[in-house]
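Trainee: Provide a 3D model corresponding to the input given below.
(2 chains)
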Amino acid sequence: MGILEVDTLSLSFGGLQVLSDVSLDVSEGRIFAIIGPNGAGKTSILNCIGGFYRPDAGRIAFDGRDLSRVSTDRRAALGLARTFQNIALFHGMTVLDNIKLGAHAHLKTGLLASVLYWGAAHHEEMQLRREVEEEIIDFLEIEDIRNLPVRALPYGLQKRVELGRALAMRPRVLLMDEPVAGMNAEETEDMARFILDIKEERDVTIILIEHDMNVIMDISDHVAVINFGRKIAEGTPEAVADHPEVIRAYLGEKKG
Amino acid sequence: MHIGNFKETYDADEAVFRTPTVRWWMGALFVALAIFPFAADDYLLYMANLTGIAIVGALGLNILTGFAGQISLGHAAFVGVGAYTSAILTTRLGMPFLLCLPLSGLMAAALGVIVGAPSMRMKGLYLCIATLAAQMIFMFVFIHWESLTGGIRGINVPPPTIFGLKADTEFKYYFVTLPVVILAVAATRNIFRTRVGRAFIAIRDRDISAELMGINLFRYKLYAFAISSFMAGVAGCLWVNFIKIVTPEHFPLHESIRYLAMIIVGGLGSVLGTIFGAIFMTLVPEILKNILSIFQAMNPTAMSYLFPLQSVVFGAMIVGFLVLEPHGLAEIWRRMKDFFRLWPFEY
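Mentor: Predicted coordinates:
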């Protein structure tokens, strides 16, 4: 039994069937990749796991616990973190504040304590600063930009800051939607290295959506292929690459 | 020229006043604020009190609108709630000022949470209209619940007594207003050093991803409304004990818009900008009035043209500032500081 189980998930918007009976079983400590053509429903799966969409049918269990009654904001506290395809950072804040915000669900400071900023509230902020600096900013090599506003950063660095914010959520499962899309070769390499390090050093399970097949083949342990809202193949990267259904979905069929 | 700014502990790096230079200037500012009442006449002290009260009220609105992104057109009504609460508690129950101050804030905060409840489903212009409705409802209550509010005649309030001292002059009241302003500024600044403030900004910038980060949107929006109205209520209490009368006509829609103008001219999402904006919106009309009275002395018949001109010039100044610097006076201040910090070099 995996840390995250998706069981016969179905989702439709009006007459459009987005997902039909998708089941995934993600084992702990692995990199689980979801691939498929554009519009196949990959991001919709992540949105259902994250709680942004309510599925019509099916069950999602995180560490054996049914998520259907857990509200979106409570899921973060359980250890589900997410990065987005179109970067969703908070543009009015600095890099440091964006990453600190990721830890929101793990902090305790209440309204009154924040007004006073005394004792426990002060202590908690200092602990957080230390954790963010030493565990995240140092790891992602973004020391020099920590006090810059996010909107001033280039795309590749924004993606990295977004990963930092997700790490501050102290995730057990990290959902990543196209982490290397639009990056050059060097940025892609850095990001792939970070993803592997996160898996190995922090025991984080990673669910990854990506179109870059080189990255998928290199780093993922397990691949599921989605087409038109259905899972058409699943297995090791090598097995999936040779699967006839997958070749048909990506390249089309020979006539006659 | 200022070269670098290095810190050895995280604590030092998270401090509000981070360099000796800044601490020195802050010390100078406090000394100036303490000396000011002994040098100023009653008119200046009167304006200083009004400015201080405006700062407290505007800080509340900037937390809600500038930081948390929830536009409110009913802020003056909450100032009114605070003013009426204080007036009623003082005249009916004989409650001391120091108790009225927090109670006025709490009363406004409780009503603010109710008015803020629609923010769960509405944002932007729609929320704006919902808060406009609140403004109208509160005005209606101020005017028509005569047994409680005294209707359009309002309520007269005696000067407050604090620790046995009667704060019945502009000079004495200055020492009531100033500490409240300092506390309000410090409280606002502290909120944005913790997770509560970060959550407010996250909701403003991108509410959907804020929720995925584990922020309960509804709760934090209500927090923002509560803090905002609390400060409005405190400002109302300060105001009524200073002016010594409260009537409904003191809190029209026009006053709510004046608060919005303060934070927009000063700088949305900036504590310093709020202070600048409140000073600007309180003092500039007075300065214009004084300039015009000089012209009037030279040519008494010109007053019929000059009086409306005052509003035109004031309006043009607001538009001018916003065209030149959409981020408000706080941004102009920051650029001036950068210029002097780097002088004599360009960058």
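Trainee: ok, residue 179 - contacts?
Mentor: Using chain A. Applying CB atoms under 8 Å, 6 or more residues apart in numbering or on different chains, we find A:Pro179 in contact with A:Thr83, A:Lys159, A:Leu163, A:Met191, A:Ile195, A:Leu208, A:Glu210. For the C-beta atoms, the positions are set from N, CA and C on the backbone; glycine is no exception.
Trainee: my read is it is in a helix, agree?
Mentor: No - going by DSSP: H, G, I helix; E, B strand; the rest coil, the assignment for A:Pro179 is coil, not a helix.
Trainee: I'd like the mean pLDDT over the helix or strand containing A:Ile247, please.
Mentor: A:Ile247 is part of helix A:244-251 when elements are defined by DSSP states H and E. The average pLDDT within helix A:244-251 is 83.
Trainee: From the chain's centre, how far out is that helix? Work that out for me.
Mentor: 26 Å (CA atoms, centre = their mean, to the nearest Å).
Trainee: Name the residues of that helix that come out as buried.
Mentor: Residues A:Val246, A:Ala249 are the ones in helix A:244-251 that count as buried (16 or more other CB atoms under 10 Å in any protein chain shown).
Trainee: Kindly report the residues of chain B close to chain A.
Mentor: Residues of chain B lying near chain A by CB under 8 Å from any CB of the partner chain: B:10-11, B:13-14, B:187, B:190-191, B:193-199, B:201-202, B:204-206, B:208-217, B:223, B:226-227, B:269.
Trainee: Return the set of buried residues in the strand or helix carrying B:Tyr305.
Mentor: Assigned by DSSP H and E, B:Tyr305 falls within helix B:303-324. Across helix B:303-324, burial judged by 16+ other CB under 10 Å covers B:Leu306, B:Phe314, B:Phe321.
Trainee: Contacts only, for the last one.
Mentor: For B:Phe321, the contact set (CB under 8 Å, 6+ apart) comprises B:Val265, B:Gly328, B:Leu329, B:Ile332.
Trainee: List just the nearest of these to chain A.
Mentor: The nearest member of the contacts of B:Phe321 to chain A, counting by CB to the nearest CB, is B:Gly328 at 13.9 Å.
Trainee: ok, that closest one to B:Asp338 distance?
Mentor: Applying CB to CB, to the nearest Å, the value for B:Gly328 to B:Asp338 is 16 Å.
Trainee: May I have the phi/psi pair for A:Asp203?
Mentor: Main-chain dihedrals, A:Asp203, degrees, to the nearest 10: phi 50, psi 40.
Trainee: quick one: it and A:Ile3 touch, right?
Mentor: No - using CB atoms under 8 Å, A:Asp203 is not in contact with A:Ile3; the gap is 10.3 Å.
Trainee: got any residues that touch both of these two?
Mentor: Among the neighbours of A:Asp203, those also in contact with A:Ile3 (CB under 8 Å, 6+ apart) are A:Glu28, A:Arg172.
Trainee: Show me which residues of the stretch 151-256 of chain A are close to chain B?
Mentor: A:Arg165, A:Met169.
Trainee: Quick one: residues contacting the closest residue to chain B within the stretch 151-256 of chain A.
Mentor: Proximity of the stretch 151-256 of chain A to chain B (CB to the nearest CB) peaks at A:Met169, 6.8 Å away. Going by CB under 8 Å, 6+ apart, A:Met169 touches A:Ala76, A:Gly79, A:Ala81, A:Gly102, A:Ala103, A:Ala105, A:His106, B:Met213, B:Gly214.
Trainee: residues in contact with the fourth one?
Mentor: Looking back up the chat, that one is A:Gly102. Listed by CB under 8 Å, 6+ apart, the contact set of A:Gly102 reads A:Ala81, A:Gly164, A:Arg165, A:Ala166, A:Leu167, A:Ala168, A:Met169, B:Met213.
Trainee: how much space between the second one and A:Ile49?
Mentor: Going from A:Gly164 to A:Ile49 by CB to CB gives 21 Å.
Trainee: Can you tell me the SS state at the residue nearest to A:Asp25 when sequence neighbours are not counted?
Mentor: If the residues on either side of it in the chain are set aside, A:Asp25 comes closest to A:Gly2, at 4.6 Å by CB to CB, 6 or more residues apart in numbering or on different chains. Three-state assignment for A:Gly2 (three-state DSSP): coil.
Trainee: Can you tell me the number of residues neighbouring A:Gly2?
Mentor: Neighbour count for A:Gly2, taken as other CB atoms under 10 Å in any protein chain shown: 19.
Trainee: That one is in contact with A:Gly29, isn't it?
Mentor: No - judged on CB under 8 Å, A:Gly2 makes no contact with A:Gly29 at a distance of 10.0 Å.
Trainee: hang on, A:Ile226 is in a helix, isn't it?
Mentor: No - the assignment for A:Ile226, made by three-state DSSP, is strand rather than a helix.
Trainee: Look up how far chain B lies from the closest residue to it other than its chain neighbours.
Mentor: Nearest residue to A:Ile226 in three dimensions, chain neighbours excluded: A:Gly36, at 3.8 Å (CB to CB, 6+ apart). Per CB to the nearest CB, to the nearest Å, A:Gly36 is found 22 Å from chain B.
Trainee: So the closest residue to chain A within the stretch 201-347 of chain B: helix, strand or coil?
Mentor: Residue of the stretch 201-347 of chain B nearest chain A, by CB to the nearest CB: B:Gly214 (3.0 Å). Three-state assignment for B:Gly214 (three-state DSSP): coil.
Trainee: What's the local residue count around it?
Mentor: For B:Gly214, using other CB under 10 Å, the count is 24.
Trainee: Contact partners for it?
Mentor: Going by CB under 8 Å, 6+ apart, B:Gly214 touches A:Asp73, A:Arg74, A:Arg75, A:Ala76, A:Ala77, A:His104, A:Ala105, A:Met169.
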